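Student: Sequence unavailable; structure follows:
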C-alpha cells in the first residue's frame, strides 16, 4: 500500500514521509477509514521512505476501486496509456487508473442493484452517458455525441 500511496500522490523523491506535514521534531500521519463496518488504520512518519504501520487488518470485499480526480482525464486519453507505460511522465497513478478502467468493455449481464443508483445519478448529472470510440470519449445526450 505504501507503493500505491507514493504512486497516487507522487511525493518529492518518491519518499512517503514527504506526505506528512512537517513540524519541528518530526510528525506522524495517521489515516483511518471505515468500509462496511470494518476499520483500516495506518500511520507513517515524516522520516518514512516506503513503509506503513498498520493497526488493523482490513480486506475490503468491494472489489478494485478507482479514484476519479478533479482533473479531467478522458479528454487526454488518446495516446496517454502508451505514453504512460513507456515513459517517465509526471502523472499520478490515479490518472492512468481512470483511463485503464474507462477503456474496459462493459460487464456482462444486468447492472447490479448496488451500481445502478450511482450510474443513474452520474448520467443524470451529465444529462447523458459517456461512450468511447477508439481512444476518444464522447458525451452522448440529446444533442448527439459531443467531445472528442
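Tutor: Ah, there it is. Given the structure is predicted, the values throughout are model-derived calculations rather than measurements.
Student: Wait, residue 135 touches residue 78, no?
Tutor: Yes - using CB atoms under 8 Å, residue 135 makes contact with residue 78 at a distance of 4.3 Å. C-betas here are computed from N, CA, C, even on glycine.
Student: Contact partners for residue 88?
Tutor: Residue 88 makes no contacts at all, as judged by CB atoms under 8 Å, 6 or more residues apart in numbering.
Student: part of a helix, is residue 81?
Tutor: Yes - remark: residue 81 belongs to a helix, assigned using DSSP: H, G, I helix; E, B strand; the rest coil.
Student: Show me where the chain has its strands.
Tutor: With strands called from DSSP state E, the chain shows them at 28-35, 38-45, 53-54, 129-133, 136-141, 144-147.
Student: quick one: buried residues of the second one?
Tutor: Using 16 or more other CB atoms under 10 Å as the burial criterion, the residues of strand 38-45 that qualify are 40, 42, 44.
Student: Sheet-wise, list the partners of that strand with their directions.
Tutor: Sheet pairing for strand 38-45, assigned by DSSP bridges, gives strand 28-35 (antiparallel), strand 53-54 (antiparallel).
Student: Of these, which shows the lowest average pLDDT?
Tutor: Note on these: strand 53-54 shows the lowest mean pLDDT, a mean of 70.
Student: How about the contacts made by residue 34?
Tutor: Residues counted as contacts of residue 34 (CB under 8 Å, 6+ apart) are residue 40.
Student: For residue 130, see how far away it is.
Tutor: Separation of residue 34 from residue 130 (CB to CB, to the nearest Å): 30 Å.
Student: where are the low-confidence patches of the chain?
Tutor: Residue ranges of the chain with pLDDT under 70: 54-71, 146-148.
Student: That one: helices as residue ranges?
Tutor: Counting by DSSP state H, one finds helices in the chain at the ranges 2-9, 80-86, 93-103, 116-126.
Student: List the buried residues for the shortest one?
Tutor: Neighbour-count burial for helix 80-86, counted by 16+ other CB under 10 Å, picks out 80, 84.
Student: what's that helix packed up against?
Tutor: helix 93-103 (3 or more CB pairs under 8 Å, 6 or more residues apart in numbering; DSSP states H and E).
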